[in-house]
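> how does the following fold in three dimensions:
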Amino acid sequence: LKVPFTYRVPGGGDQAVEAEGWPVSLAGFPLGQWIADARRLYARGDMDADRVAQLEELGMVWSHFDVAWDSGLAAARGWAAEAGHLLAPLDATYQGYRVGIWLKNARAAARKAADIKQRRAEGLPVGSSAGALSDERREQLEDIDPSWCPAWPVEWQRCFHLVRLHLEAGGELPTEPGEVVHQGEDLGRWVRSVRLGWDKLTTVQQWMCERILGIEAAGEDEKPPSRRTQAGKWAMNYAAAKQFYEREGHLRVPRKHIERIITGGEQDRGRDGEHGGCGSEAEEHHLRLGAWVSNQRSRAAALTPERVEQLSAIGMRWI
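Modelled structure (predicted):
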């Protein structure tokens with residue numbers, strides 16, 4: 001009995017009504033409004049038990065919220081039956097139902113319920129519980145997939161699950177991007193990101209990857225060089241400007257000039273001719289020095305006094 005509020009029994013003559021399967025006496029009856037009135041009586045507790053039983057025998061839907069949940073749950077079951085898990089991406093659909101968005105909302109409701117429970121345990125004030133997922137509904141989703149609402153990003157858990165399935169099917173652990181792609185996920189790229197970002201994982205995630213998938217943290221020799229900070233970039237460009245000044249005797253750098261600078265290696269050797277403690281190797285950089293100098297000049301007011309002094313010392317023209 002999911003009857004729209006505006007629904008009326010067909011009218012337009014006795015034959016037309018009977019053709020729709022309705023008795024003539026009900027032609028034009030506002031069934032949607034009648035159902036809505038029945039729901040209001042039920043919600044107030046003013047409906048007799050025998051009438052409640054009669055309507056429920058006909059499949060009465062007392063709450064549209066319950067209907068929406070049941071529809072979403074059915075779509076979630078169908079999607080999980082095909083995918084093998086309930087870690088659907090946001091754009092996932094099942095028979096036209098946007099199950100990915102439905103699950104996103106369900107996870108938000110589950111986290112709100114967990115937050116309320118935690119605040120109560122700590123004796124903190126708790127606001128409205130509206131929108132929080134009930135224990136019954138959480139159990140319904142956990143029956144489909146216990147990992148449906150992980151403590152970390154869903155994308156991470158989905159890739160973990162797909163790699164585990166790949167290994168259980170007899171495959172080898174993918175380690176390079178593009179090596180294995182399943183359900184649109186590049187599993188090799190994910191494994192690589194896990195190994196390189198090992199320190200950013202929780203203890204539980206590390207345990208899962210190490211014990212279940214056999215993934216280990218990347219060694220220092222495998223990690224890419226760390227990205228320079230803004231201060232580091234400024235220092236390198238300043239070194240290039242100083243090199244230009246010492247060579248040319250001025251800092252009138254053409255706008256399109258590219259300055260070649262070497263860092264590490266020979267420049268880092270100590271007085272005894274040995275490399276410094278970091279064992280750095282020489283690196284060659286080609287910096288757009290002309291553009292950098294022009295940029296420093298245009299934003300002089302935003303530079304620190306120390307940087308203004310450094311640039312002035314090597315012939316910077318501020319006007």
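> switch to C-alpha atoms for all contacts and neighbour counts from now on
Noted.
> just the C-alphas of the longest helix seen in the chain, formatted as CSV.
When the chain is parsed with DSSP state H, its longest helix is helix 99-121. Extracted C-alpha coordinates of helix 99-121, given in CSV (Å, rounded to 0.1, in the frame of the first residue of the first chain):
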residue,chain,number,x,y,z
VAL,A,99,23.2,2.6,-4.1
GLY,A,100,26.6,4.4,-3.8
ILE,A,101,25.0,7.6,-2.5
TRP,A,102,22.6,5.6,-0.3
LEU,A,103,25.5,3.8,1.3
LYS,A,104,27.4,7.1,1.8
ASN,A,105,24.4,8.4,3.7
ALA,A,106,24.1,5.2,5.7
ARG,A,107,27.7,5.5,6.8
ALA,A,108,27.2,9.1,7.9
ALA,A,109,24.3,7.9,10.0
ALA,A,110,26.3,5.1,11.4
ARG,A,111,29.1,7.5,12.4
LYS,A,112,26.6,9.8,14.1
ALA,A,113,25.2,6.9,16.1
ALA,A,114,28.7,5.9,17.1
ASP,A,115,29.5,9.5,18.1
ILE,A,116,26.4,9.7,20.3
LYS,A,117,27.3,6.4,22.0
GLN,A,118,30.8,7.6,22.7
ARG,A,119,29.6,10.9,24.1
ARG,A,120,27.2,9.1,26.4
ALA,A,121,29.9,6.8,27.6
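> tell me the helices and strands packed up against that helix.
Counting by 3 or more Cα pairs under 8 Å, 6 or more residues apart in numbering; DSSP states H and E, the packing neighbours recorded for helix 99-121 are helix 64-83.
> please name every helix or strand in contact with the helix it packs on.
helix 99-121, helix 135-144.
> tabulate the CA atom coordinates of that helix in CSV.
Written as CSV, here are the backbone C-alpha positions of helix 64-83 (Å, rounded to 0.1, in the frame of the first residue of the first chain):
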residue,chain,number,x,y,z
HIS,A,64,7.8,6.3,4.0
PHE,A,65,11.2,6.4,5.7
ASP,A,66,10.9,2.7,6.2
VAL,A,67,10.0,2.2,2.6
ALA,A,68,13.1,4.2,1.5
TRP,A,69,15.3,2.2,3.8
ASP,A,70,13.9,-1.1,2.5
SER,A,71,14.4,0.0,-1.1
GLY,A,72,18.0,1.0,-0.4
LEU,A,73,18.7,-2.2,1.5
ALA,A,74,17.4,-4.3,-1.3
ALA,A,75,19.6,-2.4,-3.8
ALA,A,76,22.6,-2.8,-1.5
ARG,A,77,22.0,-6.6,-1.3
GLY,A,78,21.7,-6.8,-5.1
TRP,A,79,24.9,-4.8,-5.7
ALA,A,80,26.8,-6.7,-3.1
ALA,A,81,25.7,-10.0,-4.7
GLU,A,82,27.3,-8.9,-8.0
ALA,A,83,30.4,-7.2,-6.6
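> contacts for it?
V61, L86, T93, Y94, Q95, Y97, V99, W102, L103, L141, I144 (Cα atoms under 8 Å, 6 or more residues apart in numbering).
> excluding residues flanking it in the chain, which one is nearest E142?
Leaving out its chain neighbours, the residue that sits closest to E142 by Cα to Cα, 6 or more residues apart in numbering is W148, at 6.7 Å.
> so who does the one you found touch?
H85, L86, L87, L141, E142.
> mind listing the helices for this structure?
Using DSSP H, the helices of the chain run over residues 14-19, 31-44, 49-57, 64-83, 99-121, 135-144, 154-168, 187-196, 203-207, 230-248, 289-298, 305-313.
> quick one: low-confidence parts of this structure?
Across the chain, the ranges flagged by pLDDT under 70 are 12-19, 225-228, 264-282.
> let's see that with 50 instead.
Residue ranges of the chain with pLDDT under 50: 266-280.
> for the spatially most central residue of it, give its distance to V253.
The centre of the chain sits closest to P153, judged by Cα atoms, centre = their mean, with a distance of 5.7 Å. With distances taken as Cα to Cα, to the nearest Å, P153 is found 48 Å from V253.
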